[in-house]
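**Q** mind looking at a prediction? Sequence and model below.
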Amino acid sequence: MKKTFQIFLTIVRVMRRIEQKILNYQKPMKQNNQGILLTIKLNTNKIIY
């Protein structure tokens, strides 16, 4: 169980890094991206809790 959680945390960290890169590269599309990222965050929160 602990190992699975560790893997999950690593995935979340990688996703956050990718998220930052997306926001930096696509400033004009920022609002649309934030909407997508928000749904991703809500979905990951559902998985955690």
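**A** That came through fine. Numbering: from 1, shown residues only.

**Q** what segments of this protein are helices?
**A** Assigned by DSSP state H, the chain shows helices spanning 2-25, 30-48.

**Q** how about JSON lines for those helices, with mean pLDDT added?
**A** Output for these, formatted as JSON lines (pLDDT from 0 to 100):
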{"stretch": "helix 2-25", "mean pLDDT": "85"}
{"stretch": "helix 30-48", "mean pLDDT": "68"}
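
**Q** residues near residue 6, how many?
**A** 10 (other CB atoms under 10 Å). For the C-beta atoms, the positions are set from N, CA and C on the backbone; glycine is no exception.

**Q** to clarify, my last question referred to residue 9.
**A** Neighbours of residue 9 (other CB under 10 Å): 10.

**Q** likewise for the one 3 residues further on?
**A** Burial of residue 12, expressed as a neighbour count using other CB under 10 Å, amounts to 14.

**Q** OK, contacts around it?
**A** Residue 12 makes contact with residue 44, according to CB atoms under 8 Å, 6 or more residues apart in numbering.

**Q** for it, give its distance to residue 20.
**A** As judged by CB to CB, to the nearest Å, residue 12 and residue 20 stand 13 Å apart.

**Q** please apply the same query to residue 11.
**A** 15 Å.

**Q** cool, and residue 46?
**A** Residue 46 sits 23 Å away from residue 20, going by CB to CB.

**Q** same question for residue 1.
**A** Distance, residue 1 to residue 20, by CB to CB: 29 Å.

**Q** okay, these two: which has more neighbours?
**A** Neighbours per residue, other CB under 10 Å: of residue 1 and residue 20, the larger number sits with residue 20, 10 against 5.

**Q** check contacts around the more buried one.
**A** Contacts of residue 20 (CB under 8 Å, 6+ apart): none.

**Q** so what touches stretch 37-44?
**A** Counting by CB under 8 Å, 6+ apart, 12, 15, 19, 22 sit against stretch 37-44.
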